[in-house]
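Trainee: Give me coordinates for this.
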Amino acid sequence: MTSGAAESTTIQEALDMYVRSLKSGGKSKGKSSKSDEPIDHKALYQFVQYFSPETPLQKLSPSDIGSYAEHVNGEGHDPGATSQLQSVKKFLEYAKKSEDITEENLSRYVRIRKSRARQGATVVSSESQPIELTSEGHEQLVQQRTRLMAESATLVEEIRRARADGDVTENSPLDAAREEQGRVEARIQEITATLEKSVIIDEGQARDSKVVKIGARVEVKDLNSGREPNTYTLVNKTEANPLDKRISDDSPMGKALMGKRVGQKLKVETPRGTQNYEVVSIA
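Mentor: Residues are numbered from 1 along each chain as shown. The predicted structure is shown next:
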């Protein structure tokens, strides 16, 4: 590829070349390096959208790549961050070594954090666990994803217009739109992953159950204060809303309630100290 062509090659064009190369057996510059690894389209799509598809790949700096890696790594709690960044790293390696699209090997600046220490081989990955949702919670997530996808499309257009303004070295509107678009895309991916693993529970069955489970409406009496009982609906943390008295099964109260029967007492540790409750009814 000529230097002029390389300078004008956009991120999207470079990605298209990369995907075609993988599908054709990885042939480039007379070499063949066929890989049987699946293409992580989601990871690569998010990378492209973060910087805007029409951005020349040559214009990305090491600090740009480093900032993106930090964005994906976040606080280190996302088990998918490592594989996502590995996919981006391979793409950037291709851009330099196979096509000379970039002057520098930007893959060197994709910093992949080491995963948190494993607690042992018996630990079950949370990714393999189904997520129980109420029908209402499932529908809310679907609607939220639809809204975010529309918002993402709007932000992509804002990024395009901001880049068209000229000098992007100190382009605050571009930086703000890019950052927001990255957050929106991350949330879309999170919702999509949740929906893919979701199981809609039978709320009628949950309410008829003799023990507290997700989807059940539980009447609980505060034994410390003696006040009138409160009624809570136990839900997955993705649809929890304390204002509506929909509490997460992962919260201190939710954990204490799970599996309890009518008449059983429970203790909940709170900033105010130990609170004592009794299950009055399950409906």
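
Trainee: Per-residue pLDDT of the residue nearest the centre of the chain, please?
Mentor: With distances taken as CA atoms, centre = their mean, residue 190 lies nearest the centre of the chain, 3.2 Å away. With respect to pLDDT, residue 190 scores 86.

Trainee: Can you classify it as helix, strand or coil?
Mentor: Using DSSP: H, G, I helix; E, B strand; the rest coil, the structure places residue 190 in helix.

Trainee: likewise residue 151?
Mentor: Applying three-state DSSP: residue 151 is helix.

Trainee: okay, now the nearest residue to it once chain neighbours are set aside: neighbour count?
Mentor: Nearest non-adjacent residue to residue 151, counting by CB to CB, 6 or more residues apart in numbering: residue 184, 5.6 Å away. C-beta: built from backbone N, CA, C; applies to glycine. Neighbourhood size, residue 184 [other CB atoms under 10 Å]: 21.

Trainee: Test my guess that residue 184 contacts residue 155.
Mentor: Yes - in this structure, residue 184 is within contact of residue 155 by CB atoms under 8 Å, at 6.4 Å.

Trainee: For the stretch 101-250 of the chain, just list every one of the helices.
Mentor: 135-164, 172-197, 203-208 (DSSP state H, counting those that start in this stretch).

Trainee: Return the distance of the residue lying farthest from the centre of the chain relative to residue 61.
Mentor: In the chain, the greatest distance from the average C-alpha position (CA atoms, centre = their mean) is reached by residue 226, at 42.1 Å. Counting by CB to CB, to the nearest Å, the gap from residue 226 to residue 61 is 64 Å.

Trainee: Give me the contact list for stretch 252-268.
Mentor: The contact list for stretch 252-268 (CB atoms under 8 Å, 6 or more residues apart in numbering) reads 210-213, 218, 220, 223, 232, 234, 247-249, 269-270, 274-282.

Trainee: Parallel or antiparallel, list what pairs with the longest strand seen in the chain.
Mentor: Secondary structure assigned by DSSP state E gives strand 273-282 as the longest strand of the chain. Take DSSP bridges as the rule and strand 273-282 pairs in its sheet with strand 217-222 (antiparallel), strand 265-270 (antiparallel).

Trainee: so how far is the first one off the chain centroid?
Mentor: Offset of strand 217-222 from its chain centre (CA atoms, centre = their mean, to the nearest Å): 33 Å.

Trainee: Give the buried residues for that strand.
Mentor: 217-221 (16 or more other CB atoms under 10 Å).

Trainee: now what about it, what contacts it?
Mentor: Against strand 217-222 from outside (CB under 8 Å, 6+ apart): 207, 212, 229-234, 257, 275-283.

Trainee: ok, now with 7 Å
Mentor: By CB atoms under 7 Å, 6 or more residues apart in numbering, the residues outside strand 217-222 that reach it are 207, 212, 229-234, 257, 275, 277-283.

Trainee: Would you mind listing which of these are buried?
Mentor: Using 16+ other CB under 10 Å as the burial test, those include 212, 232-234, 257, 275, 277-279, 282 as buried.

Trainee: ok, those vs residue 103, which is closest?
Mentor: residue 234 (56.4 Å; CB to CB).

Trainee: Might one say that that closest one is in contact with residue 247?
Mentor: Yes - proximity of residue 234 to residue 247 meets the contact threshold set by CB atoms under 7 Å, at 6.2 Å.

Trainee: Could you pull up the residues touching the closest residue to residue 106 other than its chain neighbours?
Mentor: Closest residue to residue 106 apart from its sequence neighbours, by CB to CB, 6+ apart: residue 92 at 4.5 Å. Shown in contact with residue 92 (CB under 7 Å, 6+ apart): 106-107, 110.

Trainee: same deal with residue 89?
Mentor: Contacts of residue 89 (CB under 7 Å, 6+ apart): 107, 110.

Trainee: Just say helix, strand or coil for it.
Mentor: Classification of residue 89 using three-state DSSP returns helix.

Trainee: On the pLDDT front, check it for me.
Mentor: pLDDT recorded at residue 89 is 92.

Trainee: Quick one: neighbours of residue 240, just the number.
Mentor: Neighbour tally, residue 240, other CB under 10 Å: 18.

Trainee: re earlier: as TSV, the helices of the stretch 101-250 of the chain with distance to residue 242 would be great.
Mentor: Output for the helices of the stretch 101-250 of the chain, formatted as TSV (distance: least, CB to CB, whole Å):
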stretch	distance to residue 242
helix 135-164	15
helix 172-197	20
helix 203-208	20
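
Trainee: Of those helices, which is nearest residue 66?
Mentor: helix 172-197 (14.2 Å).
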